[in-house]
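Asks: fold the following and give me the result.
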Amino acid sequence: MNKINYLYIVTILLLQNCNSLKNNTIKEVGMDEAIENVILDFSSLNRVYKKDSIFKVTYTDTFYNMDIEKVKEGHYKSAKGEKTYLDYCLVSITANDHKMFFNSRSDNDIKYNLPSKYLEKDGKLFYWWDKNDSVTNETIKVLEKYGLLQNDDGWSKLPEMSTNDSKKGVDYFFCRNDLSEYKRVITSKSIEYYTPPKLDCN
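Replies: Take a look at the predicted model:
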């Protein structure tokens, strides 16, 4: 097989893969549907997927930019900016294996601090919070399986955690009325501190 034919076949396969992902994208608007789209795309295309095995997923219905406000000479603080993105919704996904406090002897209210939904794929865990769902014993067992729960038998010691500001995550921007229209950004910045990509949400 000559080089030209080889490159042609590779190009066709790549295009077919992209079209397949686009066709599999769920169009209906909703948090669970948006998260399903993200996991589908992230696990198929993103190099970050291969580096870690536990991922935190966050859904934001409405987001805005941040401004830097001067308090006094040499002192500044972050403040909510005027720009609000009403036509977009956002799903962020980051590698996160921080432990979460859970004490089986404590009041059941402790459960509300734990993520209520999860998805296992290729031996990896994705977890997120849904205020409309409560935490089940099955979810607790899965979190324990991946070593995410810290049980201190009533001592309530704060879980250990480390911060890596250089570690990149992926932000997915969706049109609120059509989840098949989206763009992703690989970044270590919080969404409030950069301008999101433009989407055709008409």
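Asks: from here on, just use CA atoms for contacts and neighbour counts.
Replies: OK.
Asks: what are the bridge partners for the nearest residue in space to D61 that is not next to it in sequence, then?
Replies: Excluding the flanking residues, the one nearest D61 by CA to CA, 6 or more residues apart in numbering is C89, at 4.9 Å. Beta-bridge pairing for C89 (DSSP bridges): F174.
Asks: again, but for Y127
Replies: Beta-bridge partners, per DSSP bridges, of Y127: K56, Y118.
Asks: and it, how many neighbours?
Replies: 20 (other CA atoms under 10 Å).
Asks: wait, it sits on S53?
Replies: No - at 11.3 Å, Y127 does not count as touching S53 under the criterion of CA atoms under 8 Å.
Asks: which residue ranges form the strands in this structure?
Replies: 54-60, 63-72, 75-85, 88-95, 100-101, 117-121, 124-128, 149-150, 169-175, 178-187 (DSSP state E).
Asks: name the helices or strands packed onto the second one?
Replies: Same thing as strand 63-72. strand 75-85 (3 or more CA pairs under 8 Å, 6 or more residues apart in numbering; DSSP states H and E).
Asks: report the mean per-residue pLDDT for the strand it packs on.
Replies: Strand 75-85 shows a mean pLDDT of 72.
Asks: one more: stretch 132-152?
Replies: 89.
Asks: which parts of it are buried?
Replies: 135, 139-140, 142-144, 148-151 (16 or more other CA atoms under 10 Å).
Asks: with stretch 45-56 instead?
Replies: For stretch 45-56, by 16+ other CA under 10 Å, it's 48-49, 53-56.
Asks: quick one: the residue nearest to D61 from F63, how far?
Replies: 8 Å (CA to CA, to the nearest Å).
Asks: of those two, which one has the most company?
Replies: C89 (23 against 16).
Asks: tell me who's in contact with the nearest residue to L86 once chain neighbours are set aside.
Replies: Of all residues not flanking L86 in the chain, T62 sits nearest, at 6.1 Å (CA to CA, 6+ apart). Listed by CA atoms under 8 Å, 6 or more residues apart in numbering, the contact set of T62 reads 84-86, 88-90.
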